[in-house]
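Asks: Here is my input; please provide its structure:
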Amino acid sequence: MPAHPFDHVYFSLLCSDHWVLIVIVVPWNKVFYFDSLIRGEGLPDRDFTLIKSAIDDACVIFKTKGGGTRFKKGHQKLSHNFKFPCRQQPQGSVSCGFYVCAHMDEIVRHHNPHWQEGDLKSLFSGDDYDWRKDFARIRETFAHFFNNDVLHPTGEFYTPDEGPPKWFDPSCK
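Replies: Numbering: from 1, shown residues only. Prediction:
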């Protein structure tokens, strides 16, 4: 268990040639897949089978190691929403990495501890999103984070070339 309990886990996943944001909302027992490029008609959906299995297995381990109190009572399994309604990038564009950052930024900036799933969906409703106005701000935000917290020797997530990263737990097998 980390020193500070968490309610959301965010990470990006590279699916072949496309980045997808995955958000685990611990108190809701739900996993949301933010895919900014929905596959066209006649094309198969993205296959999230392996990552779903890995997340489910990690959840079981987390619960058995004492993290289960963060999960919703009475629900043992995670629910996975593979088609969460989110902002879509223009067809043919290669801006999926930006959309992963934009979705994460939107959730974090508007986070409310009393949220319900409908509140999360409402963040991404409407077709009036103009990515051009957010591009510079999001680029600056993430560049600042990487430069100051990951690459700088005094950064919270800085790891020198020698030795494991700070977050690495060698006792976890």
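Asks: What residues sit buried inside stretch 101-118?
Replies: Across stretch 101-118, burial judged by 16 or more other Cβ atoms under 10 Å covers 101-104, 106-107, 115. C-betas here are computed from N, CA, C, even on glycine.
Asks: give me every residue that touches H103.
Replies: Applying Cβ atoms under 8 Å, 6 or more residues apart in numbering, one finds that H103 lies in contact with 21, 34, 36, 86-87, 124.
Asks: how does it look with 10 Å?
Replies: Under the criterion of Cβ atoms under 10 Å, 6 or more residues apart in numbering, the contact list for H103 reads 10, 12, 20-21, 23, 32, 34-36, 84, 86-87, 123-124.
Asks: Among the buried residues of stretch 101-118, find me the one that's closest to E156.
Replies: Comparing those against E156 with Cβ to Cβ places M104 closest, at 17.5 Å.
Asks: Tell me the helix or strand right after the host helix or strand of that closest one.
Replies: M104 belongs to helix 96-109 when assigned by DSSP states H and E. Tracing the chain C-terminally past helix 96-109 and defining elements by DSSP H and E, one meets helix 117-122 next.
Asks: by contact count, what packs against the helix or strand of the chain with the lowest mean pLDDT?
Replies: Among the secondary structure pieces of the chain, namely its helices and strands, helix 117-122 has the lowest mean (mean pLDDT, DSSP states H and E), a mean of 80. In terms of contact count using 3 or more Cβ pairs under 10 Å, 6 or more residues apart in numbering; DSSP states H and E, helix 117-122 is assigned the packing partners strand 18-25, strand 30-34, strand 79-81.
Asks: which of these is buried the deepest?
Replies: Taking mean count of other Cβ atoms under 10 Å as the contact definition, the stretch among those with the greatest mean neighbour count is strand 30-34, which reaches a mean of 22.
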